[in-house]
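Undergrad: next input, structure requested:
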Amino acid sequence: MLHRTGKRSGTIHAMNQISPKLAEIKHSVIPNPGEDGQFHTIYSVCQTVQVLPTKTRPKKLMFVGSNGHRYQYLLNGLEDLHLDERIMQLLSIINVMFTKINRNEPWSYEARNYTVIPLASRSGLIQWVEGATPLFTLYKRWQQRQATALTWKVQNDNQEIALATGKQPVEDRREVPMPILRQCIEELTRETPADLLSRELWCSCPSVGLWYKNVQSYRYAFCFVIIFFIKRLIDTLLMILQYLSFKRNSI
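TA: Below you'll find the predicted structure:
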């Protein structure tokens, strides 16, 4: 059985049609993935699977632990997550290094991380991050507000690319010449408001005090962001706007 939800939320499938063995798990002795210092087993697996409408079509799974808590993960089957795992380990080490500095500072340097579990060379589990907003989503919201103008411009840009390369526009960005890609990035940078993120921070805060706290957290957390750009783009940089801290996800 397949249920279609919104275009943004993806589709929902029945677990027993995807993996009958997982659907039948009850009272297992399998340890819950990614727990440090605790030992809980998987009591059962949720009977629905949500397929997210992103490039790699990751599957959102939910396990019920022996302690009664629900644990959500993304199952990514098209990407090697070993580098992601190393980045999370690096962030954990950096957080430990900053522990001593944080004792003498009014604001703490911290990059919140989460569990990444490679299962094979091209698949793995990623702990689901609740309440986070990808930076790309913030950009996309602004882009949608400018939909009419942008649609007209994209049509013209496609014609310019075709004229510049002597070919028809291609959907695969790997086939687009590097000078054209660089030109597109420069144009998008000029068009995007410089205060896009600061406006989102302001609109997400119900009071001036919370806004000030978020701005300070943003400033101190931003030193970690450069690590994320080693491998990923803004659609995998996550922010919790209500209580700001940067995270990283792989979708």
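Undergrad: skip ahead from the helix or strand hosting Arg182 and say which helix or strand is next.
TA: Assigned by DSSP states H and E, Arg182 belongs to helix 178-191. Next helix or strand after helix 178-191 toward the C-terminus (DSSP H and E): helix 196-203.
Undergrad: what sits up against that next one?
TA: Leu135, Leu138, Tyr139, Trp142, Pro193, Trp211, Asn214, Val215, Tyr218, Leu241, Leu244 (C-beta atoms under 8 Å, 6 or more residues apart in numbering). All C-beta spots, glycine's among them, are computed from the backbone N, C-alpha and C.
Undergrad: among those, which lie within helices?
TA: Leu135, Leu138, Tyr139, Trp142, Trp211, Asn214, Val215, Tyr218 (DSSP state H).
Undergrad: now pLDDT and neighbour count too, for the residues you listed, in CSV please.
TA: Output for those, formatted as CSV (pLDDT from 0 to 100; neighbours: other C-beta atoms under 10 Å):
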residue, pLDDT, neighbour count
Leu135, 77, 20
Leu138, 82, 19
Tyr139, 82, 18
Trp142, 84, 16
Trp211, 85, 16
Asn214, 79, 22
Val215, 81, 15
Tyr218, 75, 18
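Undergrad: from the residues you listed, which two are the most distant?
TA: Tyr139 and Trp211 (20.8 Å; C-beta to C-beta).
Undergrad: can you tell me the SS state at Met62?
TA: strand (DSSP: H, G, I helix; E, B strand; the rest coil).
Undergrad: contacts only, for the residue lying closest to it once chain neighbours are set aside.
TA: In space, and not counting its chain neighbours, Met62 is closest to Cys46: 3.7 Å by C-beta to C-beta, 6 or more residues apart in numbering. For Cys46, the contact set (C-beta under 8 Å, 6+ apart) comprises Met15, Leu61, Met62, Phe63, Val64, Arg70.
Undergrad: any idea how far Thr189 is from Cys46?
TA: Using C-beta to C-beta, to the nearest Å, Cys46 is found at 42 Å from Thr189.
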